[in-house]
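Engineer: Predicted model and sequence follow; I will ask about them next.
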Amino acid sequence: MTIPDTNRNAILEAALKIAPFEGWTALTLKRAARDAGYPDGSAELYFENGVGDLLTFWSAELDREAEAAISKLDLEALKIRERVTQGVLARLSTFGPHEEAARRASSRLVLPDLAATGLKHVWQSADMIWRAIGDTSTDANYYSKRAILSSVIASTTPVWLSDQSEDKTNAKAFLDDRISNVMRFEKMKWRVKNATKDFPNPAELLGQLRYSGLDVLARPKRGRARRRRYSR
């Protein structure tokens with residue numbers, strides 16, 4: 001049976017009022033389902049794996065909200081660094097009035113039972129941002145870009161949530177520093193790749209040595225052994 005997202009959204013909205021005080025627990029999910037007007041015991045129907053599923057649903061909703069905000073940007077007028085920065089800011093801004101709930105969620109997602117879930121959320125957010133700003137890579141860059149941006153999001157989120165200033169000055173400065181580090185790394189990687197583009201591929205050389213007959217270099221030189229035998 002397909003459960004409409006409106007049902008889950010109703011429970012999520014109720015949970016966002018409870019979590020800042022009680023944290024993200026099984027009891028929070030149970031109370032949220034009741035407050036949303038659903039009978040006791042129905043929470044497992046909407047979130048089969050408990051509060052982890054509830055947090056995954058919230059993260060996905062925030063990703064969708066951020067993606068919609070990014071789609072309204074004039075991306076063609078922005079450099080890649082600006083696109084990435086605006087993408088991360090769009091995602092962080094989705095916490096809105098629920099920053100305390102987000103802080104409690106961050107604390108919950110580092111516990112052993114949900115640590116993998118938390119990492120998955122960050123990866124999915126990084127993937128959403130790259131896709132939203134126009135990234136079409138499919139090679140190794142696909143993974144390296146998302147891994148690096150995941151680290152940026154993971155390190156910036158607690159700074160954002162702890163910055164109580166209205167314009168998030170400190171958090172934005174921290175993010176700018178992290179993006180600078182990423183761009184320096186990308187420039188260095190591009191320079192190395194460009195400088196070594198004409199270098200022979202080691203794997204190809206090994207293949208040639210193995211299959212093109214050059215492996216005779218590794219064979220024992222029988223003539224030399226024969227000369228030594230007759231010279232005795």
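Structural biologist: Nice, thanks for sending it over.
Engineer: got a pLDDT number for the closest residue to Arg31 other than its chain neighbours?
Structural biologist: Among residues not flanking Arg31 along the chain, Ile18 sits closest, at 5.7 Å (Cβ to Cβ, 6 or more residues apart in numbering). (Glycine included, C-beta is placed from N, CA and C.) Reading off the confidence values, Ile18 has pLDDT 98.
Engineer: so who does Ile18 touch?
Structural biologist: By Cβ atoms under 8 Å, 6 or more residues apart in numbering, the contact list for Ile18 reads Thr28, Arg31, Ala32, Asp35.
Engineer: likewise Ala66?
Structural biologist: Neighbour list for Ala66: Gly87, Ala90, Arg91, Ser93, Thr94, Ser125, Met128, Ile129, Ala132 [criterion: Cβ under 8 Å, 6+ apart].
Engineer: and with 6 Å instead?
Structural biologist: Ala90, Arg91, Thr94 (Cβ atoms under 6 Å, 6 or more residues apart in numbering).
Engineer: just Ala69 next, same as before
Structural biologist: By Cβ under 6 Å, 6+ apart, the contact list for Ala69 reads Ala90.
Engineer: nearest residue to the spatially most central residue of the chain other than its sequence neighbours?
Structural biologist: Centre of the chain computed as the mean C-alpha position; nearest residue by Cα atoms, centre = their mean is Trp123, 2.1 Å away. Leaving aside its sequence neighbours, Trp123 sits nearest to Ser150 (Cβ to Cβ, 6+ apart; 5.3 Å).
Engineer: Please report the distance of the one you found from Phe47.
Structural biologist: 25 Å (Cβ to Cβ, to the nearest Å).
Engineer: Counting neighbours, go ahead and name the busier of those two.
Structural biologist: Between Ser150 and Phe47, counting by other Cβ atoms under 10 Å, Phe47 is the more crowded of the two (23 against 20).
Engineer: Just to check, that one is in contact with Leu54?
Structural biologist: Yes - counting by Cβ atoms under 6 Å, Phe47 touches Leu54, with 4.8 Å between them.
Engineer: On the three-state scheme, Gly134 is what?
Structural biologist: Secondary structure for Gly134, judged by DSSP: H, G, I helix; E, B strand; the rest coil, is coil.
Engineer: how about the residue nearest to Trp123, what does it touch?
Structural biologist: Val122, Trp123, Ala126.
Engineer: And Ala14, by the same measure?
Structural biologist: Contacts of Ala14 (Cβ under 6 Å, 6+ apart): Ala32, Asp35, Ala36.
Engineer: Helix or strand: which one has the residue nearest to the last one when sequence neighbours are not counted?
Structural biologist: Computed as Cβ to Cβ, 6+ apart, the closest residue to Ala36 that is not its neighbour in sequence is Ala10, at 4.1 Å. Using DSSP states H and E, Ala10 sits in helix 5-22.
Engineer: Tell me the first helix or strand C-terminal of that helix.
Structural biologist: As assigned by DSSP H and E, the chain's next helix or strand after helix 5-22 is helix 26-35.
Engineer: Please enumerate residues in contact with that following helix?
Structural biologist: Against helix 26-35 from outside (Cβ under 6 Å, 6+ apart): Ile11, Ala14, Ala15, Ile18, Ala19, Glu22, Ser42, Ala43, Gly50, Val51, Leu54.
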